[in-house]
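[1] quick one, structure for this:
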Amino acid sequence: MKENGFFGMMSLIVTFHSGMNCMDSSMMNEIGILDTVTPLKVSLLANAFNAIIDPLLIFNCGMGVTGAAIATLGAEIISAGIFTYIMLKKKLIRWSKLLRFPKWSTLKPLLQGGAALQLRNLALNIAFLSVARTTQSIDNTGVAAAAHSIAIQVIYTQL
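    Have a look, this model is predicted:
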């Protein structure tokens with residue numbers, strides 16, 4: 001069943017993406033750099049990678065939607081790696097602090113402040129994945145999945 005591979009890979013991507021969300025342009029702005037160009041370049045590079053690898057894995061390698069999920073995961077890893085490198089180079093983070101668990105006194109306010117948003121994101125991701133899985137199982141032609149994809153894009157622009 002190809003759809004199980006796709007949803008397993010999408011679950012991995014959602015988990016990875018949620019963890020790496022802090023490394024975007026808003027973070028680069030909030031920590032005082034006010035750099036909006038670098039995140040744009042990183043996003044362009046990651047999206048270009050995804051756009052090139054997607055058709056190769058989907059069509060040339062015959063992996064279908066699983067290939068699309070793998071390409072997206074690869075793009076997310078590239079983006080996270082570049083952002084990590086940039087922040088290490090600018091001495092905004094250090095490996096010694098990056099690889100150790102923070103003190104509870106530092107972590108507690110962040111968890112309290114972000115709990116509602118993370119709960120919302122988790123609920124949305126679960127809902128979207130379960131609706132996508134149901135939509136995929138409606139027909140084998142892919143028409144329902146295509147219509148669902150368009151509807152999701154409209155919803156995301158409104159969120």
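
[2] tell me which helix or strand of this protein sits lowest on mean pLDDT?
    The helix or strand of the chain with the poorest confidence is helix 25-30; it has a mean of 52 (mean pLDDT, DSSP states H and E).

[3] helix or strand right after it?
    Read in the C-terminal direction, the helix or strand following helix 25-30 is helix 37-55, with elements assigned using DSSP states H and E.

[4] what pLDDT, on average, does that next one get?
    What helix 37-55 shows for mean pLDDT is 89.

[5] if you count neighbours, what's buried in it?
    The neighbour-count criterion (16 or more other CB atoms under 10 Å) identifies Pro39, Val42, Ser43, Ala46, Phe49, Asn50, Ile53, Asp54 as the buried residues of helix 37-55. For the C-beta atoms, the positions are set from N, CA and C on the backbone; glycine is no exception.

[6] element containing the residue of the chain positioned farthest from its centre?
    Summary for the chain: using CA atoms, centre = their mean, the residue whose C-alpha lies farthest from the chain's mean C-alpha position is Ser105, with a distance of 28.5 Å. Using DSSP H and E, the secondary-structure element containing Ser105 is helix 104-138.

[7] break this structure down into its domains, please.
    Segmentation of the chain into domains, based on automatic domain parsing, reads 1-100, 102-159.

[8] return the distance of stretch 113-121 from the chain's centre.
    Mean C-alpha position of stretch 113-121 versus that of the full chain (CA atoms, centre = their mean, to the nearest Å) differs by 16 Å.

[9] using PDB, write out the CA atom coordinates for that stretch.
    Extracted in PDB, the C-alpha atoms of stretch 113-121 (Å, rounded to 0.1, in the frame of the first residue of the first chain):
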ATOM      1  CA  GLY A 113       3.800  30.400  26.500                       C
ATOM      2  CA  GLY A 114       3.800  28.100  23.500                       C
ATOM      3  CA  ALA A 115       1.600  25.300  24.800                       C
ATOM      4  CA  ALA A 116      -1.600  26.700  23.300                       C
ATOM      5  CA  LEU A 117       0.000  27.300  19.900                       C
ATOM      6  CA  GLN A 118       1.600  23.800  19.800                       C
ATOM      7  CA  LEU A 119      -1.700  22.200  20.800                       C
ATOM      8  CA  ARG A 120      -3.400  24.000  18.000                       C
ATOM      9  CA  ASN A 121      -0.700  23.000  15.500                       C
END
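
[10] export the buried residues of helix 37-55 to a markdown table and tack on distance to Met87?
    Formatted as a markdown table, those follow (distance: CB to CB, whole Å):
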| residue | distance to Met87 |
| --- | --- |
| Pro39 | 11 |
| Val42 | 11 |
| Ser43 | 16 |
| Ala46 | 16 |
| Phe49 | 20 |
| Asn50 | 22 |
| Ile53 | 25 |
| Asp54 | 28 |
